[in-house]
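Visitor: show me the folded form of this:
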Amino acid sequence: MRLAELEIPARAEFVSLARLVISSIADDRYVLGDDQLDNLKLAVSEACVMVINAQAGRAREGSIFVECTGSARRIEVVVDSGAREGAIQKDEGQAEVEDLGLSLMRSLVDRIALEPHGSGARLRLTVDCEESDEL
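Guide: The predicted model follows:
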């Protein structure tokens, strides 16, 4: 079930908005511990920063697309640039930094998937939780 879609400018000052929307949905609809909720917020922030870094240096500002879906026992967040250019991708200059970001996100959520999309990739973050009566 789609819970939310959000498009924000690919700028650092908007990352907190993505965190707020996702954490509000997760806290309202799911049974998550405080640590799980904090970890999800941090993983969403890291994913958004990866999109911002991938778009750095472009002539015009890009966007970050965040989609939140869920079922009774799982919440998934997809973070993507939504464009063929500026998608999350590994080049030699950023590979080490992105590997650290992916490692951090793997430690924060139950599953992470880097899915091919256009010329880059999008991130799917999954958190398993107790069954929710809301959905």
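Visitor: could you point out which element follows the helix or strand harbouring residue 46?
Guide: Assigned by DSSP states H and E, residue 46 belongs to helix 34-55. Going down the chain from helix 34-55, the next helix or strand is strand 63-71, by DSSP H and E.
Visitor: report the buried residues of that next one.
Guide: 63, 64, 65, 66, 67, 68, 69, 70 (16 or more other C-beta atoms under 10 Å). (Glycine included, C-beta is placed from N, CA and C.)
Visitor: equivalent analysis for stretch 2-20, please.
Guide: Buried-residue list, stretch 2-20, by 16+ other C-beta under 10 Å: 3, 6, 8, 10, 14, 15, 18, 19.
Visitor: and that stretch, average pLDDT?
Guide: Taken as a whole, stretch 2-20 has an average pLDDT of 95.
Visitor: now the terminal residues of it, how far apart.
Guide: The first residue of stretch 2-20 is 17 Å away from its last residue (C-alpha to C-alpha, to the nearest Å).
Visitor: what angle separates the least confident helix or strand in the chain by mean pLDDT from helix 34-55?
Guide: Here the helix or strand of the chain ranked lowest by mean pLDDT, DSSP states H and E is helix 95-108, holding a mean of 79. Following axes from the mean of the first three to the mean of the last three C-alpha atoms, to 10 degrees, one obtains 160 degrees for the angle between helix 95-108 and helix 34-55.
Visitor: now the closest residue to residue 130 other than its chain neighbours: how far from residue 78?
Guide: Of all residues not flanking residue 130 in the chain, residue 31 sits nearest, at 4.0 Å (C-beta to C-beta, 6 or more residues apart in numbering). Noted for residue 31: a distance of 22 Å to residue 78, by C-beta to C-beta, to the nearest Å.
Visitor: who's more crowded, the two?
Guide: Neighbours per residue (other C-beta atoms under 10 Å) separate residue 31 from residue 78, with residue 78 holding more: 19 against 14.
Visitor: and the helix holding residue 46, what's its mean pLDDT?
Guide: On average, helix 34-55 scores 93.
Visitor: lovely, talk soon.
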